[in-house]
Every structure is written in structure tokens, then in C-alpha cells.
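# What follows is a predicted structure for the sequence shown.
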Amino acid sequence: PAAEQKGRTDLLFKLMNQYLKNDVFSIQKSIVNHVEYTVARSRFKFDDFEAYQATSYSVRDRLIESWNDTQLFFKDKDPKRIYFLSMEFLMGRSLLNSIYNLGIKDTYAEALRQLGFDLEVLVEQERDAALGNGGLGRLAACFLDSLATLDYPAWGYGLRYEYGLFKQVIKDGFQHERPDYWLNFGNPWEIERVHITYPVKFYGKVEETMRDGRKHFEWIPSEMVEAVAYDNPIPGFDTNNTINLRLWAAKPSSEFNIQSYDTGDYVNAILNKQHAETISSVLYPDDRTYQGKELRLKQQHFFVSASLQDIIRRFKDRNDNINDLVNKVALQINDTHPTIGVVELMRTLIDDEGLDWKTAWGITTKVFTFTNHSVVPEVLEKWPVEILGNVLPRHLQIIYDINFLFLEDLKKKYGNDYDRLARMSIIEEGEKKSVRMATLALVTCQTVNGVSEIHTDLMKSMLFKDFYELWPHKFQNKTNGVTQRRWLAFSNPGLGDIITKWLETDAWMKNLDLLSDLRKYVDDPHLQEEWLRVRRQNKSRLATYIEMISGVKVSIDALFDVQVKRIHEYKRQFLNILSIIHRYDCIKNISPEERKKVVPRVCIIGGKAAPGYEIAKKIIKLVHAVGEKLNNDPDIGHLLKLVFVPDYNVSVAELVIPASDLSQHISTAGNEASGTGSMKFAMNGCLILGTMDGANIEIREEIGHENMFIFGARANEVPKLRAQRKEFQPPREFRRVVGMIRNGVFGHQEHFQALCDTVDGQGEDLYLLGNDFLSYLEAQEAVDKAFADRNRWAKMSILSTAGSGKFSSDRTMKEYAEQSWDIQTCKRPL
Ligand code: RUG
């Protein structure tokens, strides 16, 4: 009855008639309450870790308030929403980012100070959420921050891996992988939704029957796994909106196969069920090659199936007509990994919702959009038909049907041009047939985009040429970006304050284009002084860290030259090491007088190699071997140091990036789709040494070629140079340094032969290290010259920051929202 309902509402309102307060005392109270009642420690005795936990829970309370209200607001307004589907979200730590975004950082710092704790120390207690490999996963995390900040009605969907990316441990210079038990100490940033679960089916058979005069297919699975939701609130900056990242964990299904308990082998029946949980247990640690492992396909299907069930349930809460899905839902697939979701939606619409093929196809092809992140065909994902048909039998049927109809259409257009048909078919014929996931995505998605201008051009002219000819309107470019909140304002607050002071506004935190106004003051000696002072402080922090991890003392007067990213042959860390050896060799062979003119350098390399990638692991060992030699050579002293930063992750990046003078992005042109590290470095006033690849090209357009150090072959020259590899004679300098490694100057002679073979063996050097070596050395010389001139360097550094406005993920998200997803903002009023 209405009266009872009103009484209840009044009571609830009385009990909770306001939001949590954010004054120092209220915050302290909530922290101490959590110490007692959540962490279950005494308020009179708790350590840094417990203080971190209690602080996080108190922040989480505030996030939940905002999350609840935002979701209610979205529900009420029911706008078209964007669902971002990604196998990877590399979030890093949450505490600092959350309190900054909520605008309560200073109050928390003060509240903790009075309680006897240092926020900076507590922040270090948090484990990184490393549910991603590198660029692709971190991009997804930046996008969520921007979507929340820009008030878009967005959700992220992914997998809650129990083991994130492995921890890299270095022993005697060799990489070892250790599991990342990131959930072992609990995760205050997630909310388990025990009641939000969906069954996900696998294996089994498909039965064909007639229903209402139409063929009907019923998939009878032989395995069912339950997906349980874990919500991770993502607060926007300077807004009341908090969006959601929903991650799925696999749990045994409680209803399916109940009879297996009744066979008498109760214990084994339970043990078999536990198997289900392995689906979400581990992130695959290779960011570019796919081995067609069944478990990975199961992961992909598991998370998209659960997500789609959740999305359709939410849609149906407010809508009766399934045809309206296209007006309410946009589904973004981050690389090909979630592509099976397209087929799952077709299956759901036809088999479960009873739509005919044409209607289902009309809906499916309007809701999905696809981002491709790779440049070369070899890394495009393919699934052996055998595996796919076994794990998802109904999906394989649908894929064949899609392909049949697609090829029929192609024949109408191109006749019997079988070469073209074979190239464009979703099924790759051959000894072992496979399903080309990128082709499937191209055929079924509304739009496809590349992640930098050159990448999109390469997609159109090479990778997906046939498809561009067929559907030019589908192709778009969305140059990547990064969030300036995490990557500049919060991780480099000193520089952030200077920017705010000189621009007389902090509005750049939401409108990065404003940075360009720094250009007006670039010659002002006060700005230059302040700028360099903060950069020195950052370098000093990094120097302390380097000494702690490696025992190597480095001078902060030296140029900090950094290359941190996943280790890959195409990213050419080896080229960097060869030039370091060259520098070492030069210093060794000049007089003490000449040595005085050498610009001192600290070379810093960091990154993980995929566990099975032997050459990449040798590169890591070589960094250590060369470092060992030159760091201990008394002739060299402080003129050259080489250190490897182990276990490179988001938190280490937050320390390294603000402290770098120079950063290297030196992939062979035409290999890096975009690269986003370069954007973070440039924003922080670090100069870039790079090739004309990925986003470097656009960074150069914005910052000016005179403020970057560009070298090497251009993308259009690379195929020809590769073809001429056999005849190419690398320069003397190159042969000399490779020879030094081969001859055992750095020890481990045997170990490094295979690595040297990749660059000077017959017809090798796929990544053209020999071709680019001299121009790389020239660029390095230009770096030294510029660094020696303090004012010039300060100016270049300020101009790097000033030219970074374009590389905000806010800009990228606006472009997606307007050009791909067709969604509007939905801002919750306070
Ligand atoms: O290698 C690319 C980077 O160039 C790019 O910046 C990043 C985000 O777009 O994605 C990386 N990537 C590509 N990670 N995995 C793939 C799969 O091909």
C-alpha cells in the first residue's frame, strides 16, 4: 500500500539523508571505521598496509555513492549507451587516481597526515591491476577515464583474470616469470555482484527442428560455466559521473549437469567442476601473436556472451522491441579478440529471440564497431575451424552462413575472380582451415578504424585493401590518445602546477589543447628555470629508485635516455643497445681531453618479453651484460651508464616518464600501429627520438620536426629495402659493434650468437637495424648537441608539452562518440 511505501521511503531518507561528507574529520572517521569494521584491526594499532586498505574502502564508499546515482540517472534517461568490449584493461593503481578525480586528494592527504600516515607511502601499498599486456590494454583504461570525464553513458566489459600479466624477475640478467597474485590481499576497488550471473555455454551439438514452418537450431551444450560480475567504479574528473567496468569471473554452474553428482563419485564430480574456473584464471602474456589455444577462445566467448546477456537484459528493462537495440546500444570491439560476440549476437537474436536472419543481420551489423590495432597480416588472429567448431558448434554454422552470403554478394560484384574471393573469404582454406577474425569483423561491423593516420592508410592500402575498395565508407581513423589526468597531472604534479600557473588555469586537465598557450612563454627564463627545476626533482626521485633496484648510482646532470615498452624485435631495443655499445667504444678510444666534451648519459631500458619469445629474452640479457661491463669500467665513469628497470608496469611508468629527458620510439617504419608511450613522454616535456612510424608522425606535425629527433627509413621505403636485404652490406660501425658482442666482449658469447644472427645473418635483419644504424647515430649526435645547450633543451622540452594537446584520449573518445557510436553525453546533476 502507498502509505506503507511512503513510510519506508521516509525512514530510508532519514537514515541516509545526505552524501558522505568530505571534510577532514569525516574522512578520518570513515577511515578509522574501516580499520575497525572492515579490516578488523584495532584503531589504535594498524600498519601502512591496513591504513591503505581502510583508506581505499573509505574512498570506495564515495565511489559507490556516485556510481549508484550515475547508474540510476542513466537508467532513468535511458540514452544510447556505448559498451566497450576488451580482453584487456591495464588499469594500474586506483587510490590516487580516484581521490584526484573525485577532487578530494588534498583532504585525504591531510586526514591521513593527522592520523600519522603519509598518503604517498600508502599509495605504494597498492598492487597494480595488470589485466593487460601493454599498449592495447592501457589504451582501454585511458578510454574509460575519458568516457567518464566526458559524461558519456559508457560501460567497459572484460575479464577478471586472477593472474594478471606475469611479474618479471631478473636473475643473473635473465628474465624469469612469476605469477602475479594480485588478488591475494583483496581488492578494495571491486564490488562482487553475487546475484548478477549468466550461464555461458560450450561444446555439445546443434539440433535442427522445424518451428512455425521455419528451421530452428538448438544448441545443446555439454559444458556450462557461470559468469559472475565484478564491478569496478571509474570516476570521471570534475564531474559527478562514475561509470562502470564490469569484469567477469568464471564459476562452476550450479544447475548444469546436476546428475553428475548422482553417479556415486561425488568428490570427482566437484573436482571436475572446479575446472570451470580456469577460464578466467590467467591473462595470455603475448601481445602480438596468438597460438590458437582453446582456452583463449573460451575466454573470448565467455566474456562476450556474459556481456551480451547483461546488455540485452538491461535493454529489455526499458524497451519492448528488440529492433530498438540499434538506437540504444553501441558495441565497440577492441581488436579482434571480442569478435566472436558478433556471432553470439546473431545466435541470440535468431535462436533465442526468434528473429529471422535478415532482421538479426540488420541489427547486428549496425551495433558493432571495430578497432584494428595491428599493421602486419601475420599478427591477425585466426581460429582453426576444428577448434572453433568443437567449442562453439552453433557459431561455426553461423560463420559459414555469413561467409556464404558474403561471397555470393562478392560474386555479383566481381564475378568469378577466385583469387579475390579467396583473399576476402572469412574462411582461410588450406591444409587446416581457419576463421579469419579480422575479416569476420570487417564484414559484420558498421565501421573499422585504425589507431593513427599512417596505420589507417596502411590498412586501406595494404592490410585490408580489398575491403577498402569494397566499402570505403566503413574505414575511419581514430588516432590514439592518453589521459592527461593520470599521465601528466597526477603523476607529475610539479610540472602540472607550473602549467597551471603559467596558463593561469587548470582547465587543460579537461581541454588539453590549451597547452599550446605555453608557446607564448617559451623564451621566458623564469618558466625555463621552473621547468628544469621540476624535471631535476623528478630525475632525482628516479635516480634514488635506480640505485635501490640496481645498486647503480647515476648523476642527475646526465641525460636520462629511456626506452620502456614491451620487448619486441620490431621495437628495436637491440638497435638501442648497439648504439650504446658504439658510444662506449667511442669513449674508450678517445683521449681524456676529448672525454671532457662527452655529454653524460644514463640509458634506461625496461620491458617484459613474452615468456616464449627467446630472442626478446636474449635482448634483456644483453642489456644486463652490456650494463655490467660499462657501469664498472673506470674509464667510463659517469659518462655512460646502462640500467634495466625490472618489472615495468603502469606504476613504474608513472615514476619513469616524468623523469626522462629523451625517450626512444624507434620501431622499423610501418610496424607500430600507433604507440601511446610517446604521447605520455611528450606531454611531460620529454623529447622524442623516433622513426617515422605510428603516432610519431602526427606528434612531429604537432610539436615540430625541429623539436624531435627523427631518423631512419620511411614506411614506403621499407618493402624495397627488405627485398634488397641479401645484397645489403651493413656499415663498418654496425659490423664492429655486432662483432664486439660476437667476440665475447660482454661475455656469454654463445648465448648471444642467435641474437646477432637476426641482424647480420644471410638475408636476415628483417627490421633493418643495419640500414638505419648510421642515421640513428647521427640523430643521437644531434641529441647530445641539443642537450649541451641548456636553454635550447628547456625550450624544446616546453614545446613538446605545448604540442601535445592533440594526444588526449578525450579527443579520441569524442571522435569515436561522434563518428562511430552516435552517442550523446548524459551528465548527472549533483
Ligand atoms: O602494437 C599496438 C600499438 O602500436 C598501439 O599503440 C596499441 C594501442 O592501439 O596497440 C598495440 N597492440 C596491438 N597491442 N596488441 C596488438 C595486437 O595486434
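Looks like it came in fine.

# Where is the longest helix in this structure?
As assigned by DSSP state H, the longest helix anywhere in the chain is helix 48-77.

# same for the helix or strand bottoming out on mean pLDDT in the chain, what does it pack against?
Across the helices and strands of the chain, mean confidence by mean pLDDT, DSSP states H and E is lowest for helix 266-274: a mean of 78. In terms of contacts (3 or more CB pairs under 8 Å, 6 or more residues apart in numbering; DSSP states H and E), helix 266-274 is packed against no helix or strand at all. Where C-beta positions appear, they are placed from N, C-alpha and C, glycine not excepted.

# Can you give the distance from the helix or strand following that helix to the centre of its chain?
Under the assignment DSSP states H and E, the closest C-terminal helix or strand after helix 266-274 is helix 294-318. Centre-to-centre, helix 294-318 and its host chain are 21 Å apart (CA atoms, centre = their mean, to the nearest Å).

# close to the ligand, is helix 294-318?
No. Helix 294-318 lies out of reach of the ligand by CB under 6 Å from any ligand atom, never closer than 13.2 Å.

# what's the helix or strand following that helix in contact with?
Per DSSP H and E, the first helix or strand lying C-terminal to helix 294-318 is helix 325-328. With contact meaning CB atoms under 8 Å, 6 or more residues apart in numbering, helix 325-328 is reached by 78, 79, 80, 81, 312, 315, 318, 319, 363, 366, 367.

# gap between the nearest residue to residue 485 once chain neighbours are set aside and residue 191?
Spatial nearest neighbour of residue 485, excluding adjacent residues (CB to CB, 6 or more residues apart in numbering): residue 237 at 5.2 Å. According to CB to CB, to the nearest Å, residue 237 and residue 191 sit 21 Å apart.

# what does residue 627 give?
Distance from residue 627 to residue 191, counting by CB to CB: 44 Å.

# quick one, which of these two is more surrounded?
Counted by other CB atoms under 10 Å, residue 627 and residue 191 do not tie: residue 627 has more neighbours, with 23 against 17.

# Give me the packing partners of the helix or strand harbouring the more buried one, helices and strands only.
Taking DSSP H and E as the criterion, residue 627 maps to helix 614-631. Contacts defined by 3+ CB pairs under 8 Å, 6+ apart place helix 614-631 against strand 174-178, helix 573-588, strand 640-645, helix 749-760.

# And for it, what's in contact with it?
For helix 614-631, contacts defined as CB under 8 Å, 6+ apart pick out 170, 172-175, 552, 567-569, 573-574, 577, 580-581, 584, 605, 609-610, 636, 640-644, 741, 745-748, 751-752, 754-755, 758.

# pLDDT below threshold where in the stretch 251-400 of the chain?
Applying pLDDT under 70 to the stretch 251-400 of the chain flags the ranges 255-261.

# From the contact counts, what lies against the longest helix of the chain?
If you count contacts as 3+ CB pairs under 8 Å, 6+ apart, helix 48-77 packs onto helix 24-37, helix 95-101, helix 105-114, helix 119-123, strand 223-235, strand 242-252.

# Run the angle between whatever helix or strand comes next after it and helix 294-318 for me.
Sequence-wise, the next helix or strand downstream of helix 48-77 (DSSP H and E) is strand 81-85. Put simply, strand 81-85 runs at 170 degrees to helix 294-318, going by axes from the mean of the first three to the mean of the last three CA atoms, to 10 degrees.

# for the record, mean pLDDT for strand 81-85?
Across strand 81-85, pLDDT averages out at 99.

# who does the helix or strand following that strand touch, helix- and strand-wise?
Helices and strands here follow DSSP H and E; after strand 81-85, the next one along the chain is strand 89-92. Secondary-structure packing of strand 89-92 (3+ CB pairs under 8 Å, 6+ apart): strand 129-131, helix 135-149, strand 242-252, helix 650-656.

# Work out the gap between strand 89-92 and the centre of the chain.
With CA atoms, centre = their mean as the basis, strand 89-92 stands 7 Å off its chain's centre.

# Domain ranges for this structure, per the record?
Annotated domains of the chain cover 20-77+94-126, 78-92+128-375, 484-715+769-802 [automatic domain parsing].

# now these in TSV, with distance to residue 734?
Below are these laid out as TSV (distance: least, CB to CB, whole Å):
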stretch	distance to residue 734
domain 20-77+94-126	43
domain 78-92+128-375	24
domain 484-715+769-802	4
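
# quick check: mean pLDDT across stretch 687-705?
Stretch 687-705 shows a mean pLDDT of 98.

# Over to that stretch now: how far is its first residue from its last?
End-to-end distance for stretch 687-705, by CA to CA, to the nearest Å: 11 Å.

# Can you list the residue ranges for helices in the stretch 701-830 of the chain?
For the stretch 701-830 of the chain, helices defined by DSSP state H, counting those that start in this stretch occupy the ranges 718-723, 732-742, 749-760, 769-788, 790-802, 809-815.

# what's the most buried one of those helices?
Mean neighbour count, computed with mean count of other CB atoms under 10 Å, is highest for helix 809-815 among these, reaching a mean of 22.

# check whether that one contacts the ligand.
No. Using CB under 6 Å from any ligand atom, helix 809-815 stays clear of the ligand, coming no nearer than 10.1 Å.

# Could you list the residues in contact with that helix?
139, 142-143, 145-147, 149-150, 152, 478-484, 510-512.

# Just the buried ones among those residues, please.
Among the contacts of helix 809-815, those classed as buried by 16 or more other CB atoms under 10 Å are 139, 142-143, 145-147, 149-150, 152, 478-484, 510, 512.

# Which positions in the stretch 401-550 of the chain make contact with the ligand?
451, 480.

# Next, count neighbours for the residue of the stretch 401-550 of the chain found nearest the ligand.
Closest contact between the stretch 401-550 of the chain and the ligand, by CB to the nearest ligand atom, is at residue 451 (4.1 Å). By other CB under 10 Å, the residues close to residue 451 number 30.

# What's the per-residue pLDDT of it here?
Looking at residue 451, its pLDDT reads 98.

# Contacts only, for it.
By CB under 8 Å, 6+ apart, the contact set of residue 451 is 139, 371, 372, 373, 478, 479, 480, 673, 674, 695.

# closest one to residue 17 among the helices of the stretch 701-830 of the chain?
Among the helices of the stretch 701-830 of the chain, the nearest to residue 17 by CB to CB is helix 809-815 (35.3 Å).

# how far out from the middle of the chain is that closest one?
Averaged C-alpha coordinates place helix 809-815 at 16 Å from its chain's average position (CA atoms, centre = their mean).
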